[in-house]
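>>> following is a predicted model, sequence given first.
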Amino acid sequence: MPATSTAVPVLRASDVPAVTSAQMADVDRSAIEDYGVTLLQMMEQAGSHLADVVRLEVGGDLQGTRVVVAAGPGNNGGGGLVAARHLANRGAHVRVVLARPALRLHEAARHHLATLIAMGTDCCVATYDLDDGDLEHLLARADIVVDALLGYRVRDAPRGETERLIGFVVRSGRPVVSLDLPSGLDPDTGAAPGMTIRALATLTLALPKPGLFTGQGPERAGRIYLGDLGLPEALYTALGISVGQPFSGGRIVLLDRTE
């Protein structure tokens, strides 16, 4: 187990408010509309922190580490694509597996995919480029898998291409680091109504989601890190959320749930 407690500050989970998916949607909206923090900026923050968490979880050195980044079509996937760039820049061997073709990605995610392609990063689409045997082989060789498939806005059981890719990740048995919450986990209730990732660690963004601490959340999320998106305290105050300064000791903190 990596010495995460000495690598990042530790904060009691009870000292940080958890926000529902509806509240987090308001946070994202206000960041963009009221403070001019763009979606691309937030994705960059999320992805760079995610790469740091992967580095911590593999013991501190990414050189030569085989990483598969499983990326969904939305904002969560965009954060995973940013992480892929940072991981490759730090010496990891990165393979990106998209749940859906590039033209079905959200615009911001396509932006980051274009950068990866320009870098020469190996990117493919699970359903169209890889048959079952190819996908099994790719995941079996991974030292660690990044789960950036589904974010906090998805409430129902995974379906279609995303469900297929989650299933292969689960059956691979490889260690997983999830972005925001394990894909398939309900952000508010911690329910796992369908195929759901079981992560070694989860990097949740801005503020934790209640589902990480209830239902199947605790056993699915693994170690829970909290990543700073650089949003002003005044934003939260205007929404009636009292946050304090959880990142005073560092831009990534480890949440301690042992109370």
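On my side now, so go ahead.

>>> after the longest helix seen in the chain comes which helix or strand?
The residue-count maximum for a helix in the chain (DSSP state H) belongs to helix 39-57. Next along the chain after helix 39-57, taking DSSP states H and E as the criterion, comes strand 66-71.

>>> chain center to that following strand: distance?
11 Å (C-alpha atoms, centre = their mean, to the nearest Å).

>>> one more: stretch 152-171?
That offset, for stretch 152-171, works out to 14 Å (C-alpha atoms, centre = their mean).

>>> and it, end to end?
Distance between the two ends of stretch 152-171: 23 Å, counting by C-alpha to C-alpha, to the nearest Å.

>>> was I right to think Leu40 contacts Arg110?
No: Leu40 is beyond contact range of Arg110, at 11.2 Å (criterion: C-beta atoms under 8 Å). Where C-beta positions appear, they are placed from N, C-alpha and C, glycine not excepted.

>>> just give the closest residue to Gly194, not the sequence neighbours.
Ala157 (2.7 Å; C-beta to C-beta, 6 or more residues apart in numbering).

>>> what is the neighbour count of the one you found?
For Ala157, the count of nearby residues is 14 (other C-beta atoms under 10 Å).

>>> surely it is within a strand?
No: with DSSP: H, G, I helix; E, B strand; the rest coil as the criterion, Ala157 is coil rather than part of a strand.

>>> that one reaches Asp186, doesn't it?
No: when contacts are counted by C-beta under 8 Å, Ala157 is not listed as touching Asp186 (9.4 Å).

>>> can you pull the buried residues of the longest helix of the chain?
Residues 39, 42-57 are the ones in helix 39-57 that count as buried (16 or more other C-beta atoms under 10 Å).

>>> and stretch 149-167, by the same measure?
Leu149, Leu150, Gly151, Tyr152, Val154, Pro158, Glu161, Thr162, Glu163, Arg164, Leu165, Ile166.

>>> do the same with stretch 191-202
Ala191, Ala192, Met195, Thr196, Ile197, Arg198, Ala199, Leu200, Ala201, Thr202.

>>> what sits up against that stretch?
Applying C-beta atoms under 8 Å, 6 or more residues apart in numbering, the set of residues contacting stretch 191-202 from outside is 53, 56-57, 144, 147, 149, 156-159, 163, 166-167, 169-170, 175-186, 211-212, 215-216, 219-225.

>>> nearest residue to the residue most central in space within the chain in space, please, no chain neighbours.
Closest residue to the average C-alpha location of the chain: Leu179 at 1.1 Å, with C-alpha atoms, centre = their mean. Distances taken as C-beta to C-beta, 6+ apart place Ala148 nearest to Leu179, at 4.5 Å, with adjacent residues excluded.

>>> does that neighbour touch Ala51 like I think?
No: counting by C-beta under 8 Å, Ala148 stays clear of Ala51, with 11.3 Å between them.

>>> ok, back up a step: so of the contacts of stretch 191-202, which ones are in strands?
Judged by DSSP state E, strands contain the following of those: Ile144, Asp147, Val176, Val177, Ser178, Leu179, Arg223, Ile224, Tyr225.

>>> quick one: the residue nearest to the second one when sequence neighbours are not counted from Gly227, how far?
So the one you mean is Asp147. If the residues on either side of it in the chain are set aside, Asp147 comes closest to Ser178, at 4.2 Å by C-beta to C-beta, 6+ apart. Going from Ser178 to Gly227 by C-beta to C-beta, to the nearest Å gives 12 Å.

>>> repeat for Asp143
To Gly227, Asp143 is 22 Å away according to C-beta to C-beta.

>>> which one of the two has more residues nearby?
The residue with more neighbours, out of Asp143 and Gly227, is Gly227; 24 against 17, by other C-beta under 10 Å.
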